[in-house]
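>>> Sequence and computational prediction follow.
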Amino acid sequence: MNSTNLFPNLYRFIILVLVQALILKQITLYAGEWFNIFIYPLFILFLPIEIPTAFSVALGFSIGLVVDFFYNSPGVHASAGAWSGFMRKVIVMGFQPRGGFSGKEMIPAPSYFGFNWYFQVAGLFFFLHLFWYFSVDSFTFVYFGRILLKTISAWGLSMIFAVVFVLLVNPKR
Amino acid sequence: MNNLLQLLIRNGGFVALVVLEAFCFYLIINFNDRQNGIFAHTSMLFNQAQAARRAKIDRYFDAADSLKSLEFHLFQVQTELDNAKNIRVFQRDTSYLVNIDSVRGKIAVPQFRFIGAEVVSNSIANRNNWLTINRGEKQGIHPNMGVVSTQGLVGIVRYTSSDFAMVMSLLHRQTRISASLKRQGFFGSLIWDGGDPEVMTLTDIPKHVTVNPGDTVVTSGYSAMFPKGIMVGTVVKDSIPSGSNFYSISVKLSHDLAKTDYIRVIENLFQPQIDSLQKKALNNE
């Protein structure tokens, strides 16, 4: 990460954490445990494409830990964040355009790859993140069906916000 | 070292993931009540299962020891049983009841006492074989006591020290034990001709007796060393040497002397009485 993309990522970090902690958490508190909305994973997804996996894992862990601070659940979001930081590279490489990345695309955003591509990547990314999160949250696979249902409901809601976010901000760096 | 570094760099993401997830796991189970409860419960179940598995493995490895102790226990019980069997019961003379009335009726006097011992050395391959046992004069063992195992005869004590005793095995040139055919009741002498350590020869059975292979041979009780009726073995072959009036019977021993570990030494408590009586009779001849 250099000076050109340090600040956009830093801003995203701050904004997403604030939105998560001040707005989305309140929605969940008000609407109940089936209405979880997580938007902070977008920070992990929008890290530079070429970033080493070790860094994305560490950064995912960091934002998760900050969110945990607001959700009062030390380690749960951090665990999901580190996991997403790892899987992010796998997903993005799996969806790379024919002929590979040209080097001009800085982040896996719709401004470079189109909205359809973004929706697939973000969809898979969010699903893995949420499934991990709810697994760690319930800490047992005894209620596997419950974990899956929570994941699906949270996935639908979160994807709405992920789309709204790129429509509003349309990040390029 | 270089390879290790390269491996780390190539898999840095994965290493970071594992390390951070481990740290998260630590945070989760230490600072979240619900997950902590689940973890405590799960680890308890796991530990219980683990303990059960370990106990199972331990039992497997302790099997030899417990078998040994069971064997020893069985051996003690059998010793006691033998002691109980060989108690001779007397009807008391009524004249004594005048003086002693606390014990009425019968009093039990054992004729034989059995002393348990463990074999510390053994041989079967020589012409004259010996066993060493870990009981001696301190435990009341003296020469000319009979030695038996749970399955049958073993030999006769010949030499003793304070803690050990040498037992002349049945497989010895000088062995001569009074034994009888259990069914027919005739008695003869048991000797060993050498060779097969499982087979001895019963001599001096008169030729008018019918002997069949499979007949049981037991101690006769005529020698003071062995009580009557201890199993010796079974008849495998009988023949009458030409010009002889007596059988020469091959007896397969019931106790395999190659596998002797625990034995019992038989003490005849009436030995001094019998000895002095027989001496008196011989002197008067």
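Received the coordinates, thanks.
>>> Residue A:170 - how many residues pack around it?
When neighbours are counted by other C-beta atoms under 10 Å in any protein chain shown, residue A:170 registers 10. To be clear about C-beta, it is placed using only N, CA and C from the backbone, and glycine gets the same treatment.
>>> So the nearest residue to it once chain neighbours are set aside: helix, strand or coil?
Excluding its sequence neighbours, the residue lying closest to residue A:170 (C-beta to C-beta, 6 or more residues apart in numbering or on different chains) is residue A:111, at 5.6 Å. Recorded secondary structure, residue A:111: helix (DSSP: H, G, I helix; E, B strand; the rest coil).
>>> before we move on, what about residue B:178?
Per three-state DSSP, residue B:178 ends up strand.
>>> Residue B:218 is in contact with that one, correct?
No. Assessed by C-beta atoms under 8 Å, residue B:178 is found out of contact with residue B:218, at 10.5 Å.
>>> what are the phi and psi values for residue B:122?
Dihedral angles of residue B:122 (phi, psi; degrees, to the nearest 10) stand at phi -160, psi 150.
>>> How about the secondary structure of the closest residue to it other than its chain neighbours?
Among residues not flanking residue B:122 along the chain, residue B:131 sits closest, at 4.9 Å (C-beta to C-beta, 6+ apart). Of the three states, residue B:131 takes strand according to three-state DSSP.
>>> mind listing what residue B:131 touches?
B:119, B:121-123, B:147, B:154-155, B:166-167, B:169, B:260, B:263 (C-beta atoms under 8 Å, 6 or more residues apart in numbering or on different chains).
>>> same question, residue A:141
A:135, A:147.
>>> Select only the buried ones of the contacts of residue B:131 in PyMOL?
Buried residues among these (16 or more other C-beta atoms under 10 Å in any protein chain shown), as a PyMOL selection:
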select buried, chain B and resi 119+122+147+154+155+166+167+169+260+263
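>>> can I get the contacts of residue B:131 in JSON lines with secondary structure and pLDDT?
Formatted as JSON lines, the contacts of residue B:131 follow (DSSP: H, G, I helix; E, B strand; the rest coil; pLDDT from 0 to 100):
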{"residue": "B:119", "secondary structure": "strand", "pLDDT": "90"}
{"residue": "B:121", "secondary structure": "strand", "pLDDT": "90"}
{"residue": "B:122", "secondary structure": "strand", "pLDDT": "89"}
{"residue": "B:123", "secondary structure": "coil", "pLDDT": "88"}
{"residue": "B:147", "secondary structure": "strand", "pLDDT": "92"}
{"residue": "B:154", "secondary structure": "strand", "pLDDT": "91"}
{"residue": "B:155", "secondary structure": "strand", "pLDDT": "92"}
{"residue": "B:166", "secondary structure": "strand", "pLDDT": "93"}
{"residue": "B:167", "secondary structure": "strand", "pLDDT": "93"}
{"residue": "B:169", "secondary structure": "strand", "pLDDT": "92"}
{"residue": "B:260", "secondary structure": "coil", "pLDDT": "84"}
{"residue": "B:263", "secondary structure": "strand", "pLDDT": "88"}
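>>> give me the number of residues near residue A:171?
18.
>>> For it, which three-state class applies?
Assignment for residue A:171 (three-state DSSP): coil.
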